[in-house]
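1. Structure for this input, please:
(one chain, ligands or ions: 1)
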Amino acid sequence: MPDKTLNIAVICGSLRKASYNAALARALPALAPAGLSLTSAPPWHTFPVYNADDHASTGIPADVTTWADAIRAADGVIIVSPEYNWSIPGGLKNAIDWVSRLKDVPFKDKPVALQSCSGGLLGGGRMQYHLRMSLTAIDALMFGKPEVFVNFSAKKFDEKTLALTDQPTIDMVKAQLGAFEKFVRRVSGSS
Ligand SMILES: Cc1cc2nc3c(=O)[nH]c(=O)nc-3n(C[C@H](O)[C@H](O)[C@H](O)COP(=O)(O)O)c2cc1C
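-> Residues are numbered from 1 along each chain as shown. Reported below is the predicted structural model:
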């Protein structure tokens, strides 16, 4: 019997049109093993800034519910995000804060892998540690290694098409996706 295909939701932390992180997210389906089916998660950029008073008076916005449902329905999640000021971009953190207040927190027991592209030397490593911490706080099952840090990202993508062209980066991403599939199957008991 072939393994069940795993559905993986991909969340991008950048809204920029020419985003390297969005370009990496677009490259993932072609680099993923056959057992993973990757789909973009619904948008999070429309969420209001979290305010517990608004939450209490008007409840959970519909787009937050849609995002949470997509995460809940997925077998695993990959977050591809830039680092802003050594940490998680505010909009993405706001989205995580929203869903952390739901009764059935969608990241609970969810396998999550992280990737980041940055213009600098460290490739978004500090953001990944902060994301790892926040998601652990809401009981996500964080995938360890191999890690994916794409530093000096302008050199790793085609200037015009934004296609991922750097072979060592392609190899690193493939290695992570292969290991993430095994991790998801192990923690979810899926054959
Ligand atoms: C508000 C802001 C803060 C940034 N802070 C960092 C940082 O702390 N570390 C880093 O490596 N790059 C930082 N950068 C540069 C980003 O790595 C670079 O702009 C990257 O291309 C953003 O990702 P994107 O191309 O997916 O939009 C920052 C960029 C912005 C806009």
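2. C-alpha from now on. contacts and neighbour counts both.
-> OK.
3. Show me what the spatially most central residue of the chain is bridged to.
-> Nearest to the mean C-alpha position of the chain, by CA atoms, centre = their mean, lies residue 79 at 1.0 Å. Beta-bridge partners recorded for residue 79 (DSSP bridges): residue 11, residue 114.
4. how far away is it from residue 93?
-> As judged by CA to CA, to the nearest Å, residue 79 and residue 93 stand 12 Å apart.
5. for residue 48, same thing?
-> On the measure of CA to CA, residue 48 and residue 93 end up 12 Å apart.
6. Near residue 171, how many other residues are there?
-> 12 (other CA atoms under 10 Å).
7. So what touches the helix or strand it falls within?
-> Using DSSP states H and E, residue 171 sits within helix 167-188. Applying CA atoms under 8 Å, 6 or more residues apart in numbering, the external contacts of helix 167-188 come out as 6, 28, 31-33, 35-36, 75-76, 111, 113, 143, 145-148, 150, 156, 164, 190-191.
8. Pull out the buried members of those residues.
-> 6, 28, 31-33, 36, 75-76, 111, 113, 143, 146-148, 150, 156, 164 (16 or more other CA atoms under 10 Å).
9. hmm, back to that, could you check the pLDDT of the residue nearest to the centre of the chain?
-> Listed pLDDT for residue 79 reads 99.
10. Kindly confirm whether my reading is correct that it touches residue 14.
-> No: if you go by CA atoms under 8 Å, residue 79 and residue 14 don't touch, sitting 10.5 Å apart.
11. the more surrounded of residue 48 and residue 93?
-> Of the pair residue 48 and residue 93, residue 93 is the one with more neighbours under other CA under 10 Å, namely 18 against 15.
12. got the contact list for that one?
-> Per CA under 8 Å, 6+ apart, neighbours of residue 93: none.
13. I'd like the distance between it and residue 28.
-> 23 Å.
14. now do residue 155
-> Relative to residue 28, and taking CA to CA, residue 155 is found at 18 Å.
15. Same question for residue 163.
-> 11 Å.
16. ok, now which ones touch residue 43?
-> 63, 67.
17. And the pLDDT at it?
-> Per-residue pLDDT puts residue 43 at 98.
18. for it, helix, strand, or coil?
-> Under the three-state scheme (DSSP: H, G, I helix; E, B strand; the rest coil), residue 43 adopts coil.
19. for residue 112, same thing?
-> Residue 112 is classified as strand under three-state DSSP.
20. pretty sure it contacts residue 80?
-> No: counting by CA under 8 Å, residue 112 sits too far from residue 80 to count as a contact (10.7 Å).
21. low-confidence ranges in this protein?
-> Counting by pLDDT under 70, the chain contains low-confidence ranges at 1-2, 191.
22. again, 50 this time
-> Counting by pLDDT under 50, the ranges of the chain that qualify are 1.
23. Point out the residues in the protein that sit beside the ligand.
-> Within the chain, the positions near the ligand by CA under 6 Å from any ligand atom are 14, 16, 19-22, 82-86, 118-120, 123-124.
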